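# Below are the sequence and a predicted model for it; my questions follow.
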Amino acid sequence: MALNGMQIYKLLPKKNCKECGFPTCLAFAMKLAQGNVEAEKCPYMSDEAKAQLAEATAPPMRTVKFGAKDFEYALGGETVLFRHEKTFVNRPRFAVMFSDTMSPEEVDKKINNINAVDYNRINEEMYVEIAAFRCESQDKDAFIGLIKKVMENCPKVVPMIITENAEIAAAAVNECADRGPILYGANGENYEAMVNLAKDKKLLLGVTASGKESLYELVEKIQNTGYRELLLDAGSRNLKNAFDDMVNIRRTALLSGDRTFGYPTVAFVCDMAEDKMMQLACATLFVQKYASIIVLSDIDYSMALPLFAHRQNIFTDPQRPMRIEQGIYKIGDANEESPLLVTVDFALTYFIVSGEVERSKVPSWVLIPDAGGYSVLTAWAAGKFNGKSIANAVKEFEVENKLKTRELIIPGKVAVLKADIEDELPGWKVVVGTEEAATLPNFLKNYRQAVS
């Protein structure tokens, strides 16, 4: 149960030393109760008090990890049901399902698809994080062979071992232990053996049962063994029931404070629909409500582009705008004679503008100054997008060394900046562009003809 400020204050040394950055221990305690500061900021708190605070202030949903090194991921740790209340913390991860009964051709196709989906969007690399391996034949050698083949050809994925056979699970885990695999398949009959294996290898353990009631009882038994690195699955394989399970598990953890269900969950979308667009629709739903791992039959760009973009949008702090890195961007075969446009560092604005520039087929440069991550008019109104910030970007990114032209195209909605920019950049001519990005292609084609 969470502690209030006065309860936390009683655990503090009451030195009022100010080393934590607050004027008094009481002020520190109040901030700690609100979750705005870490207990480690107090250098004199006892280990016993820290342990008590850690338990009391921990999120109702446990944060668990899987993977290794550069490909380690966190799941769970959520504290709210709705994004507008507070930002979601750990985004869900996507998996592609493999089975040891698949043909070599089908396995090769999925490997190629996984490797093909690898691109960057708003400074985040997008790729499939997990390869799920389902043992259906009960042939240990065939299962191990499948895992080895995929692991050798897909260096970024973390394996998810899906089997209820503890012996096969142990062999599979040993084959890929260096990748920090997920072990899935603990049930009411085998949980002791699976827990021992997960404990030994320090793995995230997937727990499954037939329905929420049975799952709750099973999780209680596993928690009594002392193991709490869990991933939950209530066993539903149709959309309606699976959605109901996800919502009820999350509400039980967050609203009732019941830590028995305070773990991330997995959705086997691959078993809910055969049509890939229906799988995409289901996966989109579970990004929001509330799966931490979403297993697909396969993936390609027609699925990845909307799915990854949706995830990125949902798991971005709504109080912090999505920003593109400041700099000068080359679009097409731009050279020193190509036009130079300037826009803001709000990611959505940049991608709309750059997309329209690409559509124009006119090689161009796009300059991105520091505009606070706001849209054009908002940045201008806030004083972030002005003559000085644009001039600073021209100098910082050495634009004059890259281009012979001394003309700068600004958004039409901030035409008022023309004189200020020319004052800040002597020798430059400022051209007022279009008010809407959609009309940029025609503007750029006419602009090129005018300067030719």
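Thanks, I have it.

# Helix, strand, or coil at Tyr216?
In three-state terms, and counting by DSSP: H, G, I helix; E, B strand; the rest coil, Tyr216 is helix.

# Return the residue spatially closest to it, with its sequence-adjacent residues excluded.
Thr260 (5.8 Å; CB to CB, 6 or more residues apart in numbering). The C-beta positions use only the backbone N, C-alpha and C, and glycine is treated the same way.

# what does Met126 give?
Looking at Met126 with CB to CB, 6+ apart, the closest residue is Phe308, at 4.4 Å.

# same question, Ala68
For Ala68, ignoring the flanking residues on the chain, the nearest one in space by CB to CB, 6+ apart is Gly180 at 3.8 Å.

# Quick check: that neighbour touching Val64?
No - with contacts defined as CB atoms under 8 Å, Gly180 does not count as touching Val64, sitting 11.5 Å away.

# tell me, how many neighbours does the residue nearest to Tyr216 end up with?
Neighbour count for Thr260, taken as other CB atoms under 10 Å: 18.

# That one reaches Gln223, doesn't it?
Yes - Thr260 is within contact range of Gln223, at 6.9 Å (criterion: CB under 8 Å).

# Where do the strands of the stretch 301-450 of the chain begin and end?
Taking DSSP state E, counting those that start in this stretch to define them, one finds strands in the stretch 301-450 of the chain at 327-331, 340-342, 364-368, 407-410, 429-432.

# Present these as JSON lines; the columns should include distance to Glu78, mean pLDDT and mean neighbour count.
Compiled in JSON lines, these are given as follows (distance: least, CB to CB, whole Å; pLDDT from 0 to 100; neighbours: other CB atoms under 10 Å):
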{"stretch": "strand 327-331", "distance to Glu78": "34", "mean pLDDT": "94", "mean neighbour count": "17"}
{"stretch": "strand 340-342", "distance to Glu78": "39", "mean pLDDT": "96", "mean neighbour count": "25"}
{"stretch": "strand 364-368", "distance to Glu78": "33", "mean pLDDT": "95", "mean neighbour count": "23"}
{"stretch": "strand 407-410", "distance to Glu78": "42", "mean pLDDT": "95", "mean neighbour count": "21"}
{"stretch": "strand 429-432", "distance to Glu78": "47", "mean pLDDT": "94", "mean neighbour count": "16"}
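
# Kindly report the domain assignment for this structure.
Here the domain parsing of the chain from automatic domain parsing is 5-57, 63-314, 327-451.

# Any idea which of the ones you listed has the lowest pLDDT on average?
Among those, domain 5-57 carries the lowest mean pLDDT, at a mean of 82.

# where does the closest residue to Val37 other than its chain neighbours land in three-state SS?
Spatial nearest neighbour of Val37, chain neighbours left out: Lys31 (4.5 Å); criterion: CB to CB, 6+ apart. Reducing the assignment at Lys31 to three states with three-state DSSP gives helix.

# how near is Lys31 to Glu78?
Using CB to CB, to the nearest Å, Lys31 is found at 22 Å from Glu78.

# So the two - more neighbours on which side?
Regarding Lys31 and Glu78, a neighbour count based on other CB under 10 Å identifies Glu78 as having more, with 23 against 18.

# separation between that one and Ala95?
Applying CB to CB to Glu78 and Ala95 gives a distance of 20 Å.

# do the same with Gly180
Taken as CB to CB, the spacing of Gly180 relative to Ala95 amounts to 14 Å.

# Comparing the two, which residue is more hemmed in?
Ala95 (29 against 20).

# In a strand, the more buried one, correct?
Yes - according to three-state DSSP, Ala95 belongs to a strand.

# thinking it is in contact with Arg134, fair?
No - under the criterion of CB under 8 Å, Ala95 lies out of contact with Arg134, with a separation of 10.8 Å.

# Longest helix in this structure, by number of residues?
Taking DSSP state H as the criterion, the chain has its longest helix at helix 239-254.
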